[in-house]
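1. Take a look and give me a structure for this.
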Amino acid sequence: MDRPLMKIDILTLFPGHMSEMLHESILGRACSKGILDISCVQIRDYTENRQNQVDDYPYGGGFGCVMMAQPLKSCLDAVTAKADEAGERRRRVIYLSPQGAPFNQETARRLQRDYDHLVLVCGHYEGVDERFLDACVDEEISLGDFVLTGGELAAMAVADAVCRLVPGVLSDPMCYIGESHWDGLLEYPQYTRPEVWEGLAVPEVLLGGDHEKVRQWRRLQQFERTRERRPDLFEAFQPVTDQDRLLLREMKRRSGRKRLTEAPCCRPAREEDLPQILRIRDAARESLACHKVDQWQGPYPDDDAFLQDIARGEGYVVLHGGDLAGYFALTDRPEPAYEHIRDGKWTEGLKACVLHRAAVAAEYRGSGLSDALLRSAEELTRSKGCRCIRVDTHRKNKSMLRLLRENGFRYRGNLLIGPEPGHDPARQCFEKVLKERNSGAASAPAGKPADPEKSSGDME
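-> Numbering: from 1, shown residues only. Down below sits the predicted model:
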């Protein structure tokens, strides 16, 4: 490489510590490769008196001292002359100032795109002689509406933000294209090992290996996080793709729904819970009907079915923030109908629990509570000494089919349930073999983001 792709000179009274910081890690490696050239230049070396004086009292009186124009101008002349020895550069002289334009990602992109030599001037004390700014500075930049002791921290932030966009500094452009502020949105949440930490699980969609689903999930998280944390950015965002428009429409449709703000918890259902359980059942029945799914459209499940669950100790409710937000039944008793599975078979040799009558409240659809409900059922299955959990659902219940697959359930075959005149008895069977764990059961994670197309539905 004949010369660095980006040269940055920082004019400062404190070059030592700044240089150490800017030559570490990613930027340091880029400097070693010759991609970047970052120099921190001592302004005092360019004074014209024996005291190396760089400041003086302000005309008109006032507190503190003002940096003098001469040392700054002499320092600037020296660094520009040296930079031009290798050929003329596209240069920009920038003063870091609380009076400057707010720095953002678009500014970083512009500086990287339009210039290959940035001179960052760090003020100190009460500021800089205005005549230097008028004569020599092209642009003033501010990190925000606050005041620092000097411009050094701001200069390092600008240098870092610009340099990481220079080709070759990061291993691939995708390293920064998906980050916060690149297209006006904040970045999606990130996770690493272990899969479960202090009861909090990595979202299942990130573990499934479906890259398109991961991409859609991450994009949705960008929208939701930006709307929550930076409504000003979200309001200004303009979608340019059909996929973004679809996601935004779905977000608007779900905007009235509740979000998980704490870890849902699970407990055995009680008879006094029945009115709320029936409310959840009725909302699920209505939702299934709207999606033309012939499930729960007859008398089943009636009040007695839930009361029997409770009496047997097999009914459970999922609570969130004081709300009874979901219900399911879980039994380790053999399910006679499952012996007649067709077009497949269950995993042999494993004791199993069976999940029935599961649904979440309408206001919690799409919140991730359905995922938490399944995880609670899995932990209860383990506590009963079982190694797998089985469930069936209607073949047209697309939301539940997707939910089961994304939570690691595998299709095992087909089933005809008991006759209910006038209704479709066909069901698809799913099973999940649970992993062995060294530690005790973990509580259901909070705030796990959900697929935008999920609804509660019945898991039968």
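2. tally of neighbours for residue 249?
-> 12 (other C-beta atoms under 10 Å). All C-beta spots, glycine's among them, are computed from the backbone N, C-alpha and C.
3. Tell me if I am right that it is in a helix.
-> Yes. The assignment for residue 249 (DSSP: H, G, I helix; E, B strand; the rest coil) places it in a helix.
4. So which bits of the biggest strand by length in the chain are buried?
-> Criterion DSSP state E: the longest strand present in the chain is strand 91-102. By neighbour count on 16 or more other C-beta atoms under 10 Å, the buried set for strand 91-102 is 91, 92, 93, 94, 95, 96, 97, 98, 100.
5. Verify the contact between the fifth one and residue 151 for me.
-> Meaning residue 95. Yes. With contact defined as C-beta atoms under 8 Å, residue 95 counts as touching residue 151 (7.5 Å).
6. between the two, what contacts are shared?
-> Listed as contacting both residue 95 and residue 151 by C-beta atoms under 8 Å, 6 or more residues apart in numbering are 121, 123.
7. circling back: state the pair within the buried residues of strand 91-102 that is farthest apart.
-> Among the buried residues of strand 91-102, the pair separated by the greatest distance (C-beta to C-beta) is 91 and 98, at 23.9 Å.
8. thinking again about what came up before, using CSV, lay out the buried residues of strand 91-102 together with pLDDT and distance to residue 279.
-> Shown next, in CSV, are the buried residues of strand 91-102 (pLDDT from 0 to 100; distance: C-beta to C-beta, whole Å):
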residue, pLDDT, distance to residue 279
91, 97, 68
92, 98, 63
93, 98, 67
94, 98, 61
95, 98, 63
96, 97, 59
97, 95, 60
98, 93, 56
100, 95, 57
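9. Can you tell me which of the residues you listed lies closest to residue 314?
-> For those, the nearest to residue 314 is residue 98 (64.8 Å; C-beta to C-beta).
10. Secondary structure class of residue 346, three-state.
-> coil.
11. I figured it hits residue 339, correct?
-> No. Applying C-beta under 8 Å as the test, residue 346 and residue 339 come out as separate, 9.2 Å apart.
12. In terms of neighbours, single out the busier of those two.
-> residue 346 (16 against 9).
13. Could I get the buried residue list for stretch 410-428?
-> 412, 413, 414, 415, 417, 427, 428.
14. what's the second one sitting at in phi/psi?
-> Looking back up the chat, that one is residue 413. When read as degrees, to the nearest 10, the backbone of residue 413 gives phi 160, psi -170.
15. just the last one next, same as before
-> Comment: the main-chain dihedrals of residue 428 come out as phi -110, psi 140, following degrees, to the nearest 10.
16. domains for this structure, by residue range?
-> 6-177, 196-253, 265-433 (automatic domain parsing).
17. from those, which stretch is densest packed?
-> domain 265-433 (a mean of 18; mean count of other C-beta atoms under 10 Å).
18. Between the two ends of that one, how far is it?
-> One end of domain 265-433 to the other measures 23 Å (C-alpha to C-alpha, to the nearest Å).
19. sorry, back to before: mind listing which of the buried residues of stretch 410-428 are in strands?
-> Per DSSP E, the buried residues of stretch 410-428 map to strands at 412, 413, 414, 415, 427, 428.
20. These into CSV, with extra columns for pLDDT and distance to residue 158?
-> Compiled in CSV, these are given as follows (pLDDT from 0 to 100; distance: C-beta to C-beta, whole Å):
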residue, pLDDT, distance to residue 158
412, 96, 58
413, 96, 62
414, 95, 63
415, 93, 64
427, 95, 61
428, 96, 57
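21. just the strands in the stretch 1-150 of the chain please.
-> 6-12, 36-42, 55-56, 66-67, 91-102, 117-122, 139-142 (DSSP state E, counting those that start in this stretch).
22. Also the stretch 251-400 of the chain?
-> Using DSSP E, counting those that start in this stretch, strands in the stretch 251-400 of the chain cover 265-268, 315-320, 323-331, 352-360, 388-394.
23. between those strands, which one is nearest to residue 423?
-> strand 388-394 (9.9 Å).
24. Using PDB, write down the CA coordinates of that closest one.
-> Provided in PDB are the C-alpha atoms of strand 388-394 (Å, rounded to 0.1, in the frame of the first residue of the first chain):
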ATOM      1  CA  CYS A 388     -39.800 -36.000  26.400                       C
ATOM      2  CA  ILE A 389     -42.900 -33.900  25.900                       C
ATOM      3  CA  ARG A 390     -45.700 -34.700  23.300                       C
ATOM      4  CA  VAL A 391     -48.500 -32.600  21.900                       C
ATOM      5  CA  ASP A 392     -50.900 -32.600  19.000                       C
ATOM      6  CA  THR A 393     -52.500 -29.700  17.100                       C
ATOM      7  CA  HIS A 394     -54.800 -29.100  14.100                       C
END
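25. and it, which strands flank it?
-> Under the criterion DSSP bridges, strand 388-394 sits next to strand 352-360 (parallel), strand 426-433 (antiparallel) in its sheet.
26. contacting residues around residue 335?
-> Counting by C-beta under 8 Å, 6+ apart, residue 335 has contacts 354, 390.
27. Distance to residue 56 for the strands paired with strand 388-394 - can I get that in TSV?
-> As requested, these are exported to TSV (distance: least, C-beta to C-beta, whole Å):
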stretch	distance to residue 56
strand 352-360	70
strand 426-433	76
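28. Nearest residue to residue 227 in space, please, no chain neighbours.
-> With C-beta to C-beta, 6 or more residues apart in numbering as the criterion, residue 227 has its nearest non-adjacent residue at 4.4 Å, and that residue is residue 234.
29. how near is that neighbour to residue 189?
-> 16 Å (C-beta to C-beta, to the nearest Å).
30. Could you point out the helix or strand that follows the longest helix belonging to the chain?
-> Looking across the chain with DSSP state H, the single longest helix is helix 211-229. With elements assigned by DSSP states H and E, the helix or strand that comes after helix 211-229 is helix 231-236.
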